[in-house]
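Novice: how would this look folded up:
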Amino acid sequence: MSINRNGTIGGGVILAAMALAGVVASMQIEQIRFGGPIQVKNQQASDLVADILPPPEYVIEPYLEATMLVNNPASLVTRKARLGELRKQFDDRYTYWEKSDLEPSLKTSLLELSGASAKRFFAEIDKSFIPAIERQDAEAMRASYARLSADYADQRQKIDTLVSATTAYQQKLAADSAATLTSTIALLVGIGLAVAGMLMAGVWYIVSGALKPLAATADAMERLAGGDFDVAAPGAGRKDEIGTMAAAFEVFRQSSRAQAASQAKQRVVVTELAQAMDSLAAGDMTYRIETELAPEYESLRTGFNKSITGLSEIMSSVAGTASSVHSGASEIRAASDDLALRTEQQAASLEETSAAMNQVTSMVRDTAKGASEVHRSIDEAHREASEGGAVVKRAVGAMGAIEKSANEITQIINVIDGIAFQTNLPALNAGVEAARAGDAGKGFAVVANEVRALAQRSADAAKDIKGLITTSAEQVSTGVSLVGETGTLLDRIVTRIGDISGMITTIAQSAETQATNLQQVNGAVGEMDKMTQQNAAMVEQSTAAARSLASEAEALADVVARFKLAGDAPAHRNSRPATKRVARAPMVSGNLALKSSDGDDDWSEF
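Specialist: Just a heads-up that it's a prediction; the model follows:
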């Protein structure tokens, strides 16, 4: 039987015993633990004693209230309310104990004996005692109080009996709890001793059957690890795990012996490879492994020799390539420097051109602004001339009205002249008639002469006024002609000013268009300047990259020069002389540089 099986069976027995002990102990502890059945019952008994000594299940306090009410019926309201509270407390706790799992004998004593007396007591209070006091019936009150006293005495006797029974029940519970605790401890001690015995037997079996053979096997394996391949494995022939370990030990012993022989061959290989690697680290590419190795490692020697040969050829090619790269990088660096210089000059020229374009744009913008101001002035003059033409037209109309009025005044003068002539005739006739009348008509003759003289003066005045009116009409006519000519000239001036305003408008629009176009050209030149600056920065970066490439090519050549190559081939960066270049002017088309048609591809002048 194997150690594993024996250990499993023994462990199972021990675990079963411990589990059984645990179950029994838990059952016993369940009885005596806090919150267990015994503790719960003891607590119920204590609660019962608390309820019956004194209230609410003991009616001593209600009886006291009834007694005080007999002595002082005036306190009926307060005592009645207190009795109601006590009755409610009694009913609540009575219902609680009625639903509880209290010990049956105690429950019967509480509910059927003392409870019956208490219910009769409260019924007497509600039905007889309180009503008698309310109707102030002293005789009925005393009779009811006597019945209350009898009920109280009966309930008190039963309460005393219940308290004694509850105390005895608690003592019995304490004795049962102590007995359970004692039996539990004894059981646990017995189970513990049994488990300890089984554990000791299991330990003895493990030490004698497993640990000692394992220690011997470990000692043999330690000797085997130290190189003793003749040590024998203990426990050979056993049918358990120790026997299996002994068989495996024998396999390990044979394998270790073969591995030792293989390690001796490996040491030779490692020594040769270490020497070859040291030579390779020193840069000697001519070293080869000449010592023949074991057949299984011979391919490693030939592979290393072939690798060194190929690597030597590659390093020779790298040396030539590094020299070529260095020459090309130097040419690119020189071309980049020239291109950077010309790009910087072009950028400076573009910057000056941009500044000049900014000035021209500003001047054209100022010209356009001045043209706009002139256009506004011409518009104001045109408007004022138009207003002057309108005034002249109104003046011509006014002069026409004056001429018309003068003509009408002439007609009025003609009428006055006719009236004077007509007046003169009657005055003449009156003078003739006065002369015929003699002395009697002298006064009338004087009047006639005066009338005649007045008519003559009126005619003369009318003639003078007519002459003046005629002269004024001629002057007014002349003024009307002159004003008309002035209006015609003003119309022509307004027309010419309108034409000038149109031309100024065209000039202003053209100047604004030119300013806009110049601003666009200025923006384009600014963009060209910005792009040229960026190109200059890019050329500088390219120059830096070319210089870095040349530096890296030099470093690569220095690294390759550290190796000793087959055939003593030089591995210097200057092993390939640079071809002499002939400087020539670059080919261009407009502003664009063209690639040279020469096979040299020399861009040093670009």
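
Novice: tell me what the strand or helix carrying Asp92 is packed against?
Specialist: For Asp92, the host element (DSSP states H and E) is helix 76-99. In terms of contacts (3 or more Cβ pairs under 8 Å, 6 or more residues apart in numbering; DSSP states H and E), helix 76-99 is packed against helix 37-52, helix 60-71, helix 115-124, helix 130-134. C-beta coordinates here come from the backbone N, C-alpha and C atoms, glycine included.

Novice: mind checking the SS state of the residue nearest the centre of the chain?
Specialist: Centroid-nearest residue in the chain: Gln534, 36.4 Å away (criterion: Cα atoms, centre = their mean). Using DSSP: H, G, I helix; E, B strand; the rest coil, the structure places Gln534 in helix.

Novice: pLDDT score assigned to it?
Specialist: As predicted, Gln534 sits at a pLDDT of 82.

Novice: likewise Gln275?
Specialist: 81.

Novice: Could you do Ala578 as well?
Specialist: pLDDT, Ala578: 41.

Novice: With Ala150 instead?
Specialist: For Ala150, the predicted pLDDT is 92.

Novice: And for it, the neighbour number?
Specialist: 14 (other Cβ atoms under 10 Å).

Novice: Return the list of helices and strands in contact with the strand or helix carrying it.
Specialist: Assigned by DSSP H and E, Ala150 belongs to helix 138-206. On a contact count with 3+ Cβ pairs under 8 Å, 6+ apart, helix 138-206 meets helix 3-32, helix 37-52, helix 60-71, helix 104-108, helix 115-124, helix 130-134.

Novice: any idea which of those scores lowest on pLDDT?
Specialist: Taking the mean pLDDT of the helices and strands packed on helix 138-206, helix 37-52 comes last: a mean of 62.

Novice: any weak-confidence spans in the stretch 51-200 of the chain?
Specialist: 51-55 (pLDDT under 70).

Novice: what do you get if the cut-off is 90, keeping everything else the same?
Specialist: Low-confidence segments of the stretch 51-200 of the chain, defined by pLDDT under 90: 51-61, 69, 73-76, 89-91, 93-119, 138, 154-200.

Novice: Gly283 and Arg301, how far apart?
Specialist: 21 Å (Cβ to Cβ, to the nearest Å).

Novice: what's the angle between the helix holding Asp92 and helix 115-124?
Specialist: Angle, helix 76-99 to helix 115-124, by axes from the mean of the first three to the mean of the last three Cα atoms, to 10 degrees: 150 degrees.

Novice: For helix 76-99, which outside residues touch it?
Specialist: Helix 76-99 is contacted from outside by 48, 51, 55-57, 59, 61-62, 65-66, 68-69, 107, 110-111, 115, 118, 122, 125-126, 130, 133-134, using Cβ atoms under 8 Å, 6 or more residues apart in numbering.

Novice: go with 6 Å
Specialist: If you take Cβ atoms under 6 Å, 6 or more residues apart in numbering as the criterion, helix 76-99 is touched by Asp51, Pro56, Glu57, Pro62, Glu65, Leu69, Leu110, Phe122, Ile133.

Novice: Just put the residues you listed in CSV and tack on distance to Thr166 and neighbour count.
Specialist: Output for the contacts of helix 76-99, formatted as CSV (distance: Cβ to Cβ, whole Å; neighbours: other Cβ atoms under 10 Å):
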residue, distance to Thr166, neighbour count
Asp51, 10, 19
Pro56, 16, 21
Glu57, 12, 24
Pro62, 22, 26
Glu65, 26, 20
Leu69, 31, 23
Leu110, 9, 27
Phe122, 23, 19
Ile133, 36, 23
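
Novice: which one among those gets closest to Leu489?
Specialist: Among the contacts of helix 76-99, Pro56 lies closest to Leu489 (Cβ to Cβ), at 133.9 Å.

Novice: ok, that closest one - contacts?
Specialist: So Pro56 contacts Gln89, Phe90, Arg93 (Cβ under 6 Å, 6+ apart).

Novice: Which one (most neighbours) among these?
Specialist: Phe90 (23 neighbours).

Novice: any idea how far that residue lies from Gly487?
Specialist: Taking Cβ to Cβ, one finds Phe90 at 132 Å from Gly487.

Novice: re the thing from before, of Gly283 and Arg301, who's got more company?
Specialist: Neighbours per residue (other Cβ under 10 Å) separate Gly283 from Arg301, with Arg301 holding more: 20 against 15.

Novice: Helix, strand or coil: sort out the residue lying closest to the more buried one once chain neighbours are set aside for me.
Specialist: In space, not counting the residues next to it along the chain, Arg301 is nearest to Ile289; the distance is 4.7 Å by Cβ to Cβ, 6 or more residues apart in numbering. Here Ile289 is coil, with the state taken from three-state DSSP.

Novice: how much space between Ile289 and Asp491?
Specialist: In terms of Cβ to Cβ, Ile289 sits 122 Å off from Asp491.

Novice: Which one of those two is surrounded by more residues?
Specialist: With neighbours defined as other Cβ under 10 Å, Ile289 and Asp491 compare such that Ile289 has more, 19 against 15.

Novice: looking at it, that one is touching Thr271, isn't it?
Specialist: No: using Cβ atoms under 6 Å, Ile289 is not in contact with Thr271, being 10.5 Å away.

Novice: helices and strands around the longest helix seen in the chain, which ones?
Specialist: The helix that spans the most residues within the chain, counting by DSSP state H, is helix 298-437. Applying 3 or more Cβ pairs under 6 Å, 6 or more residues apart in numbering; DSSP states H and E, one finds that helix 298-437 contacts helix 442-561.

Novice: Give me the distance between the helix it packs on and the centre of its chain.
Specialist: Once both centres are worked out by Cα atoms, centre = their mean, to the nearest Å, helix 442-561 turns out to sit 61 Å from its chain's centre.

Novice: cool, and stretch 117-134?
Specialist: For stretch 117-134, the distance to the chain centre is 80 Å (Cα atoms, centre = their mean).

Novice: end to end, how far does it reach?
Specialist: With Cα to Cα, to the nearest Å applied, stretch 117-134 spans 24 Å between its terminal residues.

Novice: Buried residues in that stretch, which are they?
Specialist: Residues 117-122, 124-125, 128-130, 132-133 are the ones in stretch 117-134 that count as buried (16 or more other Cβ atoms under 10 Å).

Novice: Now the two most distant members of these.
Specialist: Using Cβ to Cβ, the pair of the buried residues of stretch 117-134 lying farthest apart is Ser117 and Ile133, separated by 22.2 Å.

Novice: that older thread, relative to helix 60-71, how tilted is the helix holding Ala150?
Specialist: For helix 138-206 against helix 60-71, the angle by the same axes, to 10 degrees is 170 degrees.

Novice: Who are the packing partners of the following helix or strand past helix 138-206?
Specialist: Using DSSP H and E, the helix or strand that follows helix 138-206 towards the C-terminus is helix 212-225. Using 3+ Cβ pairs under 6 Å, 6+ apart, the elements in contact with helix 212-225 are helix 241-281.

Novice: What is the neighbour count of Asp529?
Specialist: Residues near Asp529, counting by other Cβ under 10 Å, number 21.

Novice: Repeat that for Val360.
Specialist: Neighbours of Val360 (other Cβ under 10 Å): 14.

Novice: Check Ser144 too.
Specialist: 22.

Novice: That one touches Asp126, doesn't it?
Specialist: No: the criterion here is Cβ under 6 Å, and Ser144 misses it with Asp126 at 10.7 Å.

Novice: quick one, the helix holding Ala150 and helix 3-32 angle?
Specialist: Put simply, helix 138-206 runs at 170 degrees to helix 3-32, going by the same axes, to 10 degrees.
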